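# build me a model from this:
(3 chains)
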Amino acid sequence: MLRSKILNRIRLLKPVIDRRCMSSASKTPLTLLEVDDKSGIATLSLNRPPVNSLNIDLMNSIIESITEIEGNKSRGLILTSANDRVFCAGLDLNELHKPNQERLKEFWAVFQDVWLALHLCSVPTAAAINGHAPAGGCLLATACEYRVMLPQMTIGLNETQFGYMAPKWVMLSYLSVLPRRLAERALTQGKLFTTAEALDVGLVDEIAASKEEALAKCSTFIDSFSKANPLARSLTKKQIREPDVQKLIADRAGDLKECLEYINSPLLQDGLGAYFEALKQKSRSKAGKS
Amino acid sequence: MLRSKILNRIRLLKPVIDRRCMSSASKTPLTLLEVDDKSGIATLSLNRPPVNSLNIDLMNSIIESITEIEGNKSRGLILTSANDRVFCAGLDLNELHKPNQERLKEFWAVFQDVWLALHLCSVPTAAAINGHAPAGGCLLATACEYRVMLPQMTIGLNETQFGYMAPKWVMLSYLSVLPRRLAERALTQGKLFTTAEALDVGLVDEIAASKEEALAKCSTFIDSFSKANPLARSLTKKQIREPDVQKLIADRAGDLKECLEYINSPLLQDGLGAYFEALKQKSRSKAGKS
Amino acid sequence: MLRSKILNRIRLLKPVIDRRCMSSASKTPLTLLEVDDKSGIATLSLNRPPVNSLNIDLMNSIIESITEIEGNKSRGLILTSANDRVFCAGLDLNELHKPNQERLKEFWAVFQDVWLALHLCSVPTAAAINGHAPAGGCLLATACEYRVMLPQMTIGLNETQFGYMAPKWVMLSYLSVLPRRLAERALTQGKLFTTAEALDVGLVDEIAASKEEALAKCSTFIDSFSKANPLARSLTKKQIREPDVQKLIADRAGDLKECLEYINSPLLQDGLGAYFEALKQKSRSKAGKS
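Predicted coordinates:
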């Protein structure tokens, strides 16, 4: 029952994706997908310069890649970044500032979808965090089953620092990794953990000196399932994640409504306005200097 | 939706408080409230001699002070004791022994209210535990977001040691701080942790050598929110605490009924009777000696 | 309310047991029950050679022994094995392979019952794990309140390694002991922890050099409740375990249906068939050699 219900939900997710999204300017793909023929492990690299911020197209591309990986009998999925400074900077704030309401609805639904797709992905998932991972970047990492991070990066749900409350299901991903006491504190502070701090509290599982080493450690994690039956493994993962997933699925419309209300509020819009204005000033002053 | 529901609930809580309660004998206030003009941090000191046991008046005074702090734009709340040996000894057993039923109902409702008020307080909260904190004293501390404790004190939900089962929502505060395995064990044993043991399991976050140092460490914790947007912070805190709060709010009447039944049971009344008799004997024998 | 509901449920459990089960061959009891007159502690030894695999009779015998211990005013229960190599090897696979459907239904109901009986046992429970404890053996241990293990043994819910998904309530026992992040990983890997690894993650609480030392450490744990009121202790234990227990009790029929479906699936039956075939080959080849 549970199993078939979950499988149906995943099937319902899939029809929304019908294309590998291309960056509109350069027509280079927004995600790069490589499958190692020897190991059978797929590496999915976020590839939307400059900082892999999550817009509709990038999230659709991630979902599509996950679907492809689940379909092509890959043994596991490693999520990483084509950019060696930023893993993922979080939601694309351009999607949130003075938004077209119809596009905003689509944006939020795709954001829910990418979380569901990664959270319930049937193959083992690991994140090779080769750059900063604030906000939505941290969410992608915590939706995976294992995290390896490079030194001197930062990770965390820092939403409160820019006037935003992380949605409930984003918070649940954090709680699935951190003890409740520490999760509450970090969420309310909007804390960005350094790599060393993240290892200390369990937010990441290992540190690697280079991207290559991070990928190798992720592969080793995926190999730890070699004796497990893949179907039993996948059903077990879904079962343990079911309560969190249910909380979103049972009220996707309510979550959407609540978040739209919040995103359209002066609290968030004024904050974003000030942020974009500051960016503009900064770039003007740079232009003046050069 | 969630946010407005929570805010409504908090508003519903407030009308019950209409006075700063005074100790009936001396007319000194049962809580002392000081706001540091420079830091903007409010210190709320429990001030009901001899051991800050929680009766209706003290709890109303705590609730009123929290309301005041939330209203006067304080940046944070530090809960401490005016007594340097006991932080808070828990519920006033006189309220429980051979109780007037109407007063007992009011007592229990105010006990629920003080938990809700502290648990959902919109500003950062920290406890400077400058004395023993058994039972209800531990509850006040765990309802805060941070705990700093003086050496050689004790803290814990020790209800089973005097024949009482901690109510479900009191247990939830413990579970929000301790791992489930350790919380079950400590709750069933009625364990009082020493300061060192409490630090070891995470029941307190830091140890301080003096009350001044404890207050300073609590201030530093409150300062850790300086970069967070206060409204986003407050909503985030409420969201993560919502499931626990809901469990009480959804059934306040049921919780009241169950607890009255239990308090009126021979199990508890006989235990309390024996306890008060022993106290009387002890004080008579002391009087005989002097 | 909660209390009487729980007590009723426990009463409902009891009528199913009407006999101390004997091993059909030897007529030796499947469990050995000894009560230490001095300490008042009961030791329940699993005694179904060769590896204490859980069939209907052994599980009924465990339930009956628990009922006896709860009735005879024992101060605590230590669960151990009469076999010094295997604590309990888990479910008897003969009950699952090509099963008679009526017997399978009974088997599954008794499996649920043994979990409920141990999970809610009113006296303190501790497991002296003097041998390997895979799958159902690990479940019995995690349903106790404390675990002491001998060196160089293994313990874990390794179901995915033989193509099986542990039922939700079995998973909940794991989650009551391990942090969520580690529980998910171990469950999906089907990991068997060595004694040292189990201590490290908190799956066991202490290591003992011998069975005698393990029993002594379990006794010390049971003594830690000496100051707690037994009734308040028992109600507190039930309250903290209530959410997990509720998840099974609210849908015993659904759990049964889902598990029967799964056990009867080709996935599981083919896996079991291959396993039994391999065992047969192995024993033939041994016979050929000797």
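# what ranges do the strands span in chain A?
Per DSSP state E, chain A has strands spanning A:31-35, A:41-46, A:76-81, A:125-129, A:133-134, A:147-149, A:154-156, A:193-194, A:206-207. These are given in chain order.
# nearest to B:Ala209, of those strands?
Ranking the strands of chain A by their distance to B:Ala209 (criterion: C-beta to C-beta) puts strand A:193-194 first, at 28.7 Å. Quick note: C-beta positions are derived from backbone N, CA and C, even for glycine.
# direction included, what does the closest one pair up with?
Strand pairing for strand A:193-194, determined by DSSP bridges: strand A:154-156 (antiparallel).
# ok, A:Leu91 touching A:Val51?
No - between A:Leu91 and A:Val51 no contact is recorded; they are 11.3 Å apart, counting by C-beta atoms under 8 Å.
# out of the two, which sits in the busier spot?
Neighbours per residue (other C-beta atoms under 10 Å in any protein chain shown) separate A:Leu91 from A:Val51, with A:Leu91 holding more: 22 against 19.
# who's in contact with that one?
The neighbourhood of A:Leu91, defined by C-beta atoms under 8 Å, 6 or more residues apart in numbering or on different chains, consists of A:Ser53, A:Leu54, A:Phe111, A:Ala135, A:Gly136.
# I'd assumed A:Trp115 was in contact with the second one.
No - the pair formed by A:Leu54 and A:Trp115 falls short of the contact definition of C-beta under 8 Å, at 10.7 Å.
# ok, the residue lying closest to A:Leu272 once chain neighbours are set aside - how many residues close by?
The shortest distance from A:Leu272 to any residue other than its chain neighbours is 4.4 Å, reached at A:His97 (C-beta to C-beta, 6 or more residues apart in numbering or on different chains). The number of residues packed near A:His97 is 15, by other C-beta under 10 Å.
# how close does A:His97 get to chain B?
If you measure A:His97 against chain B using C-beta to the nearest C-beta, to the nearest Å, the figure is 16 Å.
# surely that residue meets A:Glu277?
No - using C-beta under 8 Å, A:His97 is not in contact with A:Glu277; the gap is 10.8 Å.
# distance of A:Ala136 relative to chain C?
One thing to correct before we go on: residue A:136 is Gly, not Ala. Here A:Gly136 is placed at a distance of 20 Å from chain C (C-beta to the nearest C-beta).
# just list the residues touching that residue, thanks.
A:Gly136 is in contact with A:Leu54, A:Cys88, A:Ala89, A:Gly90, A:Leu91, A:Phe111, counting by C-beta under 8 Å, 6+ apart.
# just A:Leu256 next, same as before
A:Lys105, A:Trp108, A:Ala109, A:Gln112.
# and which of those residues is nearest to chain C?
Within the contacts of A:Leu256, distances to chain C taken as C-beta to the nearest C-beta reach their minimum at A:Gln112, with 21.3 Å.
# residues contacting that closest one?
When contacts are counted by C-beta under 8 Å, 6+ apart, A:Gln112 is found next to A:Trp169, A:Leu248, A:Arg252, A:Asp255, A:Leu256.
# let's see the pLDDT reported for the second one.
I take that to be A:Leu248. Confidence per residue is given as pLDDT, and for A:Leu248 that number is 95.
# kindly report the residues of chain A close to chain B.
Near chain B, the residues belonging to chain A are A:159-166, A:168, A:171, A:175, A:179-181, A:183-185, A:187-190, A:254, A:257-258, A:262, A:267, A:271 when assessed by C-beta under 8 Å from any C-beta of the partner chain.
# can we see that at 6 Å?
Within chain A, the residues that sit near chain B (C-beta under 6 Å from any C-beta of the partner chain) are A:160-161, A:163-165, A:180-181, A:184, A:187-190, A:258.
# filter those residues by proximity to chain C?
Among those, no residue is within reach of chain C (C-beta under 6 Å from any C-beta).
# could I get those in CSV, plus columns for neighbour count?
What follows is the residues of chain A next to chain B, written out as CSV (neighbours: other C-beta atoms under 10 Å in any protein chain shown):
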residue, neighbour count
A:Thr160, 27
A:Gln161, 20
A:Gly163, 22
A:Tyr164, 26
A:Met165, 28
A:Arg180, 19
A:Arg181, 20
A:Glu184, 22
A:Leu187, 27
A:Thr188, 24
A:Gln189, 23
A:Gly190, 26
A:Glu258, 18
